[in-house]
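Peer 1: need coordinates for the below:
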Amino acid sequence: MSEISLLIRLAEDDDDFILALVPRLVDFPLPAWRPRHECLKGTRDDLLGHLEDQPANQFLFVAEDTDGERVGFVELHKTQDFFTGRSNCHVHNIVVAPGHDGRGVGRALMTHAETWAREHHCSLMTLAVFPGNERARALYESCGYGTDLLRMAKPLR
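Peer 2: Numbers count the residues shown, from 1 in each chain. This is a model prediction of the structure:
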């Protein structure tokens, strides 16, 4: 696959574009205890809060193709490592717009995230992914990501 040419920039007036992509963040089998509507609402509320408040240590980047069409976004959080105290960068959300899958947009966004993290003196990149999100897991693994901690859950109903 050839390199895709993208402009990746900080989000500005991209609220509608970003929020319209939220359903893609749960477009795969979820754990039985994670109702889709709750995941959608929580993610939408989180992104809306980011867009409205621009919290410290959180950065939202939008990717545009050579025609200026927005094709995806990545949200990064600069965090502190529990074990070492060093700065880390967490990929909080990453989404490729419909019709742009398989063209290298996700990989370009991940590369941008890693470059940004290095420039901001982060020691480790982290991310979380649902087990059923096989497409995302394949991308992350192909980018060199491996399991660090395994989060387990049990509903208490």
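
Peer 1: so which bits of stretch 52-69 are buried?
Peer 2: Within stretch 52-69, the residues scored as buried using 16 or more other Cβ atoms under 10 Å are Gln58, Phe59, Leu60, Phe61, Val62, Ala63, Glu64, Asp65. (C-beta placed from N, C-alpha, C; glycine too.)

Peer 1: wait, is the fourth one part of a helix?
Peer 2: If I follow you right, that is Phe61. No - counting by DSSP: H, G, I helix; E, B strand; the rest coil, Phe61 falls outside a helix, being strand.

Peer 1: got the contact list for it?
Peer 2: Ile8, Arg9, Leu10, Ala11, Phe73, Val74, Glu75, Leu76, Leu109, His112, Ala113, Trp116 (Cβ atoms under 8 Å, 6 or more residues apart in numbering).

Peer 1: just the ones of these in helices?
Peer 2: Assigned to helices by DSSP state H, the following of those qualify: Leu109, His112, Ala113, Trp116.

Peer 1: quick one: the second one and Val74, what's the gap?
Peer 2: Taking Cβ to Cβ, to the nearest Å as the criterion, His112 is separated from Val74 by 7 Å.

Peer 1: and the contacts of the single longest helix found in the chain?
Peer 2: For the chain, the longest helix by residue count, based on DSSP H, is helix 36-53. Contact partners of helix 36-53, identified using Cβ under 8 Å, 6+ apart, comprise 11, 14-15, 18-19, 22-23, 25-26, 30, 55, 58, 60, 75, 92-93.

Peer 1: repeat that for 6 Å
Peer 2: Here helix 36-53 makes contact (Cβ atoms under 6 Å, 6 or more residues apart in numbering) with Asp15, Ile18, Val22, Leu25, Val26, Gln58, Leu60.

Peer 1: got it, and stretch 75-94?
Peer 2: 57-60, 74, 109, 113, 117, 121-127.

Peer 1: ok, now with 7 Å
Peer 2: 25, 47, 50, 57-60, 74, 106, 109, 113, 116-117, 120-127 (Cβ atoms under 7 Å, 6 or more residues apart in numbering).

Peer 1: now the helices for this structure?
Peer 2: Residue ranges of the helices in the chain, as given by DSSP H, are 15-20, 36-53, 105-119, 134-142.
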